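*Asks:* below are the sequence and a predicted model for it; my questions follow.
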Amino acid sequence: MTKRKLGFISLGCSKNLVDTEMMVGIMEKAGYELTEDLSEAQVIIINTCTFIDPAKEESVQTILEAAEYKKTGKCEKLVAAGCLTQQYKQALGKEIPEIDVFIGTDSWQHILEAVNESYEKDEKVYSFDTTPCANEELIPRQTLTPKYSAYVKIAEGCSNGCTFCYIPYVRGPMHSRTIPSIVHEVRRLAASGVREFNLIAQDLSCYGRDLKDGTRLATLLKELVKIDGVKWIRLFYLYPTYFDDELLDVILKEPKICKYVDIPLQHISDPVLQRMHRRDSSESIRTLLRKLRAATPRMTIRTTLMVGFPGETDEDFAKLCDFIKEVRFDDMGAFKFSPQDGTPAARMTDQVPEEVKENRYHELMAIQAAISEENNEDLIGRETEALVEELVDDGEGHMQAKGRTAFQAPEVDGNVYIDNPGDLKPGDFVKVKITDGYAYDLIAEKID
């Protein structure tokens, strides 16, 4: 029998990407052949996102476009997985009848059984577990990132209860993996050639607290740095509440841990933080940031902020602008509040007009762009290490190596462009000296 071909599209965050990699790994082990040409695929998986309205719209549009391959291509089974499916399982089935299989956020490990059942019974299959996969480290995984870099999801769900966020409704409460499970997976990935490990969770600094056995992020990191082949460990989404001195000490002392923290602060005005149901105050946030700024070696600090939360006044927004001028974040992302069905914030009465949100967003990003450029200019002359990702033409007929330093995360931050790359190739680590800095990117030269 000819192998069936599998196509996929993974939308949304890196946590979703890991789920997709697991599903692809399971299907490949069962004999499916991976194809990038969706018109050739008999089974197409769309892993969806529901974080904000544009993400929902993109997910629905992507499913509709994939459904066309039932007419124009070879598609026999269309799978909708992930957060949008979890949130709107009944509505999706009615609105898009072309979908054959529905996979919830905790059911990706049942992808093969669900697809097989759809073929056998020729009917829609709904697979929705209520608890995350128990033995994630044993699941075959096909990494879809470059071979030298991988995401490792150390926990599922979130128990913070922010009033604007739907994630706990679709991914459940915080559920940490055990240290042996994560160590097993990292060892396996390192043995396959992965050098950069990006640890992800909805709230990384809260890791282990739900296990109630003393497990903490600092404990996990002490084990991961012992693994041969691990070069860089990067930490994503460290909420400030549990970012304690023990964790900071491990980050600073361990050479394999990137001196880079991504702390999603959302706001600095206490009235806004309280309505968001954030656990931190303006003062506790500033105390942590002062500690990070005083640390040696220097820490790169990235954050995400939200504008236009219900009730955000001109005074609240002015405080936010002053705050980023004061802290001078190395990198910053921002987004406009988007009311999500079923969340407390969507029911709040003092919604901010869209035009005001838009103006505030652009003003905030303009302030940060100027700060980022000044920060990057300050890096000129600094020697550091870079990871090469590809070779590119500089536009004038000369080749450059495009990559990232330890303080530039994949996908969200800028890049470093290395002049006269010689025999550098993707996956190489190289010592460089920064020669120029712009708002997002850096120019460097190789140090022999």
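*Replies:* Great, that's in hand. In this text, all values refer to a predicted model and were calculated from it rather than measured experimentally.
*Asks:* buried residues in stretch 80-99?
*Replies:* Across stretch 80-99, burial judged by 16 or more other Cβ atoms under 10 Å covers Ala80, Ala81, Gly82, Cys83, Leu84, Thr85, Gln86, Gln87, Tyr88, Lys89, Leu92, Ile99. Backbone N, C-alpha and C define where each C-beta goes, glycine included.
*Asks:* next: stretch 313-322.
*Replies:* Across stretch 313-322, burial judged by 16+ other Cβ under 10 Å covers Asp316, Phe317, Lys319, Leu320, Cys321.
*Asks:* give me the distance from it to the chain's centre.
*Replies:* Computed by Cα atoms, centre = their mean, to the nearest Å, the chain-centroid distance of stretch 313-322 equals 28 Å.
*Asks:* model confidence over it, on average?
*Replies:* On average, the pLDDT along stretch 313-322 is 97.
*Asks:* what lies in contact with that stretch?
*Replies:* Stretch 313-322 is touched from outside by His267, Ile268, Ser269, Pro271, Val272, Leu305, Val307, Arg360, Glu363, Leu364, Ile367, with contacts defined as Cβ atoms under 8 Å, 6 or more residues apart in numbering.
*Asks:* do you know the pLDDT at the second one?
*Replies:* Predicted confidence (pLDDT) for Ile268: 97.
*Asks:* what about the closest residue to it other than its chain neighbours, how many residues nearby?
*Replies:* In space, and not counting its chain neighbours, Ile268 is closest to Phe323: 4.2 Å by Cβ to Cβ, 6 or more residues apart in numbering. When neighbours are counted by other Cβ atoms under 10 Å, Phe323 registers 20.
*Asks:* relative to Asp270, how far out is Phe323?
*Replies:* In this view, Phe323 and Asp270 are 12 Å apart by Cβ to Cβ, to the nearest Å.
*Asks:* before we move on, the earlier item: most neighbours, which of the contacts of stretch 313-322?
*Replies:* Val307 leads the contacts of stretch 313-322 on contacts (other Cβ under 10 Å) with 27 neighbours.
*Asks:* surely that residue touches Ile367?
*Replies:* No. At 11.7 Å, Val307 and Ile367 do not qualify as touching, with contact defined as Cβ atoms under 8 Å.
*Asks:* circling back: let me know the secondary structure of the residue nearest to Ile268.
*Replies:* Under the three-state scheme (DSSP: H, G, I helix; E, B strand; the rest coil), Phe323 adopts helix.
*Asks:* ok, back up a step: next step: the contacts of stretch 313-322 restricted to strands.
*Replies:* Leu305, Val307 (DSSP state E).
*Asks:* and the strands in the stretch 51-200 of the chain?
*Replies:* All strands of the stretch 51-200 of the chain, identified by DSSP state E, counting those that start in this stretch, fall at 77-82, 101-103, 125-127, 149-153, 155-156, 175-176, 196-200.
*Asks:* which other residues reach the second one?
*Replies:* For strand 101-103, the external contacting residues (Cβ under 8 Å, 6+ apart) are 23, 77-82, 85, 89, 92-93, 110-111, 114-115, 118, 124-128.
*Asks:* including distance to Thr105, could the contacts of stretch 313-322 go into CSV?
*Replies:* Below are the contacts of stretch 313-322 laid out as CSV (distance: Cβ to Cβ, whole Å):
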residue, distance to Thr105
His267, 27
Ile268, 31
Ser269, 32
Pro271, 33
Val272, 29
Leu305, 26
Val307, 28
Arg360, 32
Glu363, 35
Leu364, 31
Ile367, 36
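*Asks:* can you pull the buried residues of the longest helix seen in the chain?
*Replies:* The single longest helix within the chain, with elements called by DSSP state H, is helix 354-378. By 16+ other Cβ under 10 Å, the buried positions in helix 354-378 come out as Lys357, Arg360, Tyr361, Leu364, Ile367, Gln368, Ile371, Ser372, Asn375, Asn376.
*Asks:* look up the closest residue to the last one, ignoring the ones flanking it.
*Replies:* Nearest residue to Asn376, sequence neighbours excluded (Cβ to Cβ, 6+ apart): Gly437, at 2.9 Å.
*Asks:* identify the bridge partners of that neighbour.
*Replies:* Note on Gly437: beta-bridge partners by DSSP bridges are Leu442.
*Asks:* one step back: the strands of the stretch 51-200 of the chain into CSV, with extra columns for distance to Thr343?
*Replies:* Below are these laid out as CSV (distance: least, Cβ to Cβ, whole Å):
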stretch, distance to Thr343
strand 77-82, 18
strand 101-103, 23
strand 125-127, 24
strand 149-153, 23
strand 155-156, 19
strand 175-176, 21
strand 196-200, 22
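*Asks:* turn these into a markdown table, columns for distance to Lys433 and mean pLDDT.
*Replies:* Formatted as a markdown table, the strands of the stretch 51-200 of the chain follow (distance: least, Cβ to Cβ, whole Å; pLDDT from 0 to 100):
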| stretch | distance to Lys433 | mean pLDDT |
| --- | --- | --- |
| strand 77-82 | 43 | 90 |
| strand 101-103 | 48 | 91 |
| strand 125-127 | 53 | 87 |
| strand 149-153 | 23 | 95 |
| strand 155-156 | 38 | 90 |
| strand 175-176 | 41 | 92 |
| strand 196-200 | 21 | 95 |
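*Asks:* out of those, flag the one nearest Val412.
*Replies:* Of all these, strand 196-200 sits nearest to Val412, with 10.4 Å by Cβ to Cβ.
*Asks:* partners of the closest one, with directions?
*Replies:* Short version: by DSSP bridges, strand 196-200 pairs with strand 149-153 (parallel), strand 232-235 (parallel).
*Asks:* tell me where this structure has helices.
*Replies:* Using DSSP H, the helices of the chain run over 14-29, 53-67, 69-72, 83-87, 89-95, 111-121, 167-171, 179-191, 217-224, 245-253, 270-275, 282-294, 314-327, 354-378.
*Asks:* will you turn those into CSV that also has distance to Pro140?
*Replies:* Listed next are those as CSV, based on distance: least, Cβ to Cβ, whole Å:
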stretch, distance to Pro140
helix 14-29, 4
helix 53-67, 24
helix 69-72, 26
helix 83-87, 22
helix 89-95, 26
helix 111-121, 11
helix 167-171, 22
helix 179-191, 10
helix 217-224, 22
helix 245-253, 31
helix 270-275, 43
helix 282-294, 39
helix 314-327, 43
helix 354-378, 40
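*Asks:* quick one, which of these gets closest to Ala134.
*Replies:* Nearest of the helices of the chain to Ala134, taken as Cβ to Cβ: helix 179-191 at 9.0 Å.
*Asks:* contacts for that closest one, please.
*Replies:* So helix 179-191 is contacted by 135-137, 141, 143, 150, 152, 154, 197, 215, 219-220, 223-224, 227-230 (Cβ under 8 Å, 6+ apart).
*Asks:* who's in contact with the closest residue to Arg275 other than its chain neighbours?
*Replies:* Nearest residue to Arg275, sequence neighbours excluded (Cβ to Cβ, 6+ apart): Gly311, at 5.8 Å. By Cβ under 8 Å, 6+ apart, the contact list for Gly311 reads Pro271, Val272, Arg275, Met348, Asp350, Val352.
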